[in-house]
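A.B. asks: when you get a sec, could you give me coordinates for this:
(2 chains)
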Amino acid sequence: EDKVVQSPLSLVVHEGDTVTLNCSYEVTNFRSLLWYKQEKKAPTFLFMLTSSGIEKKSGRLSSILDKKELFSILNITATQTGDSAVYLCAAAIIQGAQKLVFGQGTRLTINP
Amino acid sequence: NAGVTQTPKFQVLKTGQSMTLQCAQDMNHNSMYWYRQDPGMGLRLIYYSASEGTTDKGEVPNGYNVSRLNKREFSLRLESAAPSQTSVYFCASRDSGGSYEQYFGPGTRLTVT
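C.D. replies: Have a look, this model is predicted:
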């Protein structure tokens, strides 16, 4: 059974802290690992990682994939209250067609 | 461009009632997906359509049917709603090119009493 597990499920930090969110996966026909941010409504795309060891960065957010150990991390530095959201990771697989298998999400709360 | 649109935004049904959730995308994407999101469970795939004219079951298809009406529209039907189908439903679409990124609609919050 394809499985994606995120940890922690919930995290509360103070503004300015650095956080690391974890995502491990056990899936067949893996293609890529994607990160999404979900505020009140639809998930919005952050990163797609296909190659091991290559960091992707966007402002204060960065992410890296380890295909040997089957995990990815999402780092957020100098957190702001606007970073409060649910962060979802998803493994892209090919099973007849392309699909995403999502983890449970990490709810991140940034307190001022 | 509106991206992915969904109607309605909210719906309350009684057990046994039927309804159809509508989804449309204006990005000329080939693939479309329906997910449900329950607290603590992430997004689970209900049905998908890899291209116009094809549909396939996802992880949790029981109690649902879908129709890929044309390239733009993909609807999800609940024939006889049950309280276990209370959830937030998201439609998504994807271009069949290199990226695996899916674009999501705003969601429909469905409550079955």
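A.B. asks: for A:E15, grab phi and psi.
C.D. replies: Main-chain dihedrals, A:E15, degrees, to the nearest 10: phi -50, psi 140.
A.B. asks: spit out the contact partners of the residue lying farthest from the centre of chain A.
C.D. replies: Most distant residue from the mean C-alpha position of chain A: A:G96, 24.6 Å away (Cα atoms, centre = their mean). Counting by Cβ atoms under 8 Å, 6 or more residues apart in numbering or on different chains, A:G96 touches B:50, B:56. (Glycine included, C-beta is placed from N, CA and C.)
A.B. asks: low-confidence bits of chain A, can you list those?
C.D. replies: Regions of chain A meeting the criterion pLDDT under 70 are absent.
A.B. asks: residues near A:I94, how many?
C.D. replies: The local packing of A:I94 (other Cβ atoms under 10 Å in any protein chain shown) involves 12 other residues.
A.B. asks: which element is the residue most central in space within chain B on?
C.D. replies: Among the residues of chain B, the one closest to the centroid is B:W34, at 2.9 Å (Cα atoms, centre = their mean). Taking DSSP states H and E as the definition, one finds B:W34 inside strand B:31-37.
A.B. asks: just the CA trace of that strand, in PDB.
C.D. replies: Only the C-alpha atoms of strand B:31-37 are listed here, as PDB (Å, rounded to 0.1, in the frame of the first residue of the first chain):
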ATOM      1  CA  SER B  31      -6.000  15.200 -16.400                       C
ATOM      2  CA  MET B  32      -8.500  16.000 -13.700                       C
ATOM      3  CA  TYR B  33      -9.000  14.700 -10.200                       C
ATOM      4  CA  TRP B  34     -11.400  14.600  -7.300                       C
ATOM      5  CA  TYR B  35     -10.200  14.400  -3.700                       C
ATOM      6  CA  ARG B  36     -11.800  14.500  -0.300                       C
ATOM      7  CA  GLN B  37     -10.100  16.000   2.700                       C
END
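A.B. asks: okay, buried residues for stretch B:20-31 please.
C.D. replies: B:21-25, B:29-31 (16 or more other Cβ atoms under 10 Å in any protein chain shown).
A.B. asks: nearest to chain A among these?
C.D. replies: B:S31 (6.8 Å; Cβ to the nearest Cβ).
A.B. asks: list the contacts for the closest one?
C.D. replies: Contacts of B:S31 (Cβ under 8 Å, 6+ apart): A:97-98, B:48-51, B:93-96.
A.B. asks: helices or strands next to the longest strand belonging to chain A in the packing?
C.D. replies: When chain A is parsed with DSSP state E, its longest strand is strand A:85-95. Helices and strands touching strand A:85-95, by 3 or more Cβ pairs under 8 Å, 6 or more residues apart in numbering or on different chains; DSSP states H and E, are strand A:3-7, strand A:19-26, strand A:30-38, strand A:71-76, strand A:97-102, strand A:106-111.
A.B. asks: residues from chain B in reach of chain A?
C.D. replies: B:4, B:31, B:33, B:35, B:40-45, B:48, B:50, B:56, B:58, B:90, B:94, B:99-107 (Cβ under 8 Å from any Cβ of the partner chain).
A.B. asks: surely A:T44 touches A:S58?
C.D. replies: No - using Cβ atoms under 8 Å, A:T44 is not in contact with A:S58, being 11.8 Å away.
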